[in-house]
Structures are given as C-alpha cells and as structure tokens.
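# Task: produce atomic coordinates for the following.
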Amino acid sequence: MKDSNVGEAIDQYQLTELLARSGMASIFKAIDTESGATVALKIPHVQFESDIVFSQRFEREVEVGQRLDHPNVVKVLTPRKQTRMYLPMEYVEGKSLRAMLKEKEPLPVEKALEIARQVCDALEYLHSQGVVHRDIKPENVLITPSGQVKILDFGIALVASERRLTWTGFSSTIGTPDYMAPEQVRGRRGDPRTDVYAVGLMLYEMLTCNLPYDSPNPRALLRAKVSEEPRSPSYYVPGFDPKLEAIILRAIERDPRDRYGSAKQMLADLRNPAAVAPRDPETGRHRRGGSRVSRRLVLFVIVPAILGGLGGLVWLSARQSRPALPAASSRSR
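Next up, the predicted model:
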C-alpha cells in the first residue's frame, strides 16, 4: 500500500487537497460522496500502519474523538464503513494559531484572552471526561473567521480510564519541546495542570511574540525548563500588564503544585483579569507557602538559629539550677 494522494477515493471520501503533512500522518480535505459535505481526513503514513502500538494509539484517538462533543473541539466523524486506517473529522474553515503568530506581531490583548478562554473552556470539558490533551500548541488550535477556537489532534492524549501505551518510536518525553511542561520533560505522564502550562505558554507567546525559554538547542531548552525560572513577559514587553503577567506566570510555574489546579481556575482569572492581584516580585504570590528562597531561608538559617538559641537557654537554665559549691579554703604553708 502506498501513501494517499489527492484525487484518491477512500471508502466514501474523495481526497481533494493536501492540508498538512507531519512525520506520521497527512491531513487531506475531502468530499463525503454520500452527503456532499466537506470533511478532513487524517491518514497515517503507510510505514506506521503495520506498527501495532501506533495502530492502538491511532484507534484510541479515533475512539476518544468520537465520544467528545464540545463546540471548541474538532468533531470526529463515523464513516459508514472503513476499510483502512484513517480519522474523518469536521472540516474547519480558518487558520491555525501558529499561522497567526507568524505575522510576528503581538495579538491585541482582548483577542489573545478570548482565544485562551476558549481553549480553557475546551480543556475544562476534556478534563471532566478524563482526557488530558498533552500536546496543546498553536499548531493544534484552529481559529475560524468568526473567532471560534477548535482544538484538534489527540494523538498523545492521556485517557484516565485506559491503560498506558508505550511505543519505542517515542522518547520518554512525549510532546513538542517548546510547549512541554517540566514534568513531561522528566518523563511523567502529566495531568490537567500539564495542559494549563501549555495554555500559559501560548498566552505568553500571543502577547509577546516570544517564549519564556529561548534556546535553539532542544536539549538545552528542556534542561532550562526543569532547572531555571521562566523570563517574565515584561522582559520582552516593558510595561506589560502586571495582572496578566501574574496569570501567565502562575500557569507556567515549573512545579505543577504552584500552578492553577485546573483549567477552570485559570478560566476564572482570564474572564476577570482586573480582579487578579499583581505578583509579588520578591516572594511570588502564587507559590505554596511563600517563595522557594524564603523556604530555604527558614530551613537553613532561621530554624538552626532558633534551635541554637533554645539550646543556649537550656544550658543557661541548667547552669543556674546547679547548687553552689563551697568556697575553697586557703592552704596553710
């Protein structure tokens, strides 16, 4: 079997245009010859169709997509019959967020916020269904001419109710380096906070045309994500709104415990950013129990000092409670 091409018919679909091609699959625009509707078909490259684990992942992507129903998630369709591996989807007229960002100009604040709000709304729904996307990035966010957001590509989604799949073709860190959360870099499976991290990065990029970690070397980039604090948006945009900066920096905290606990929590702040308190530049308002520097200070300086002081008091109290010794008499010569 060869890779599909424009003009080919696959079951009830006639391929009319190549929309995108990645390392593992191509996406075609197609016509459903039975209904006349325009659809999109995601078709794996032929070399992957015989890979058992890839096939399992692809089948799971189809199954997950078919059970999801949300206005901000691309709808996966069910063909009348299916004779080979492919995923039919609703065709979305519009362009990806990546295409919008290629213009190298920050998006208007309200437009960026609205995109982030819709992504969070979709993620809140996905997470309620036990699905973590794990690959939220501008390429997987489509925007229609009316401004509606559509999320696609559940190829590496984590489904809470299903067993873990492995594939030797993947490294232990699954995702796109620029948008991967630190826990993904460490090889962990991730949870809803992993998607929150990616939304924070996209909002950062929409408003600054930059990302908080800047390295042309993927390995150096991944090392920085687990060991260095992210640059603030105000590093690139002087005078950046401190309330928006607080939202973004909370979303992209390196430790998941310091982030928003859910997309719903982040969405609440995105809907009313004026109510968000600016971040404390010294301690970091959103960190658990204060900043890490403060915790180190308590652990290594203040606690030993207190213990030392208590030890001194105990010693002095013991000394004072001892009975007085009789004065020594002078020796006669």
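
# Could you list every helix and strand in contact with the host helix or strand of Lys225?
For Lys225, the element it lies in under DSSP states H and E is helix 218-227. Contacts defined by 3 or more C-beta pairs under 8 Å, 6 or more residues apart in numbering; DSSP states H and E place helix 218-227 against helix 182-185. All C-beta spots, glycine's among them, are computed from the backbone N, C-alpha and C.

# Helix or strand next in line after the helix it packs on, which one?
Taking DSSP H and E, what comes next after helix 182-185 is helix 192-208.

# Helix 218-227 and that next one, what's the angle between them?
110 degrees (axes from the mean of the first three to the mean of the last three C-alpha atoms, to 10 degrees).

# which residue ranges form the strands in the stretch 1-150 of the chain?
Residue ranges of the strands in the stretch 1-150 of the chain, as given by DSSP state E, counting those that start in this stretch, are 9-10, 13-21, 25-32, 38-44, 87-90, 95-96, 131-132, 141-143, 149-151.

# now the helix holding Lys225: mean pLDDT?
Averaged across helix 218-227, the pLDDT comes to 91.

# got the buried residues for it?
Leu221, Leu222, Ala224, Lys225 (16 or more other C-beta atoms under 10 Å).

# now for the helix or strand just after it, which elements pack on it?
Sequence order places helix 233-236 as the next helix or strand after helix 218-227, per DSSP H and E. Counting contacts by 3+ C-beta pairs under 8 Å, 6+ apart, helix 233-236 packs against helix 192-208, helix 242-251.

# Against Met100, how distant is the nearest residue to Glu93 once chain neighbours are set aside?
Distances taken as C-beta to C-beta, 6 or more residues apart in numbering place Thr144 nearest to Glu93, at 6.1 Å, with adjacent residues excluded. In this view, Thr144 and Met100 are 12 Å apart by C-beta to C-beta, to the nearest Å.

# Which pLDDT value goes with the closest residue to Arg98 other than its chain neighbours?
Distances taken as C-beta to C-beta, 6+ apart place Pro138 nearest to Arg98, at 3.8 Å, with adjacent residues excluded. Pro138 is assigned a predicted lDDT (pLDDT) of 96.
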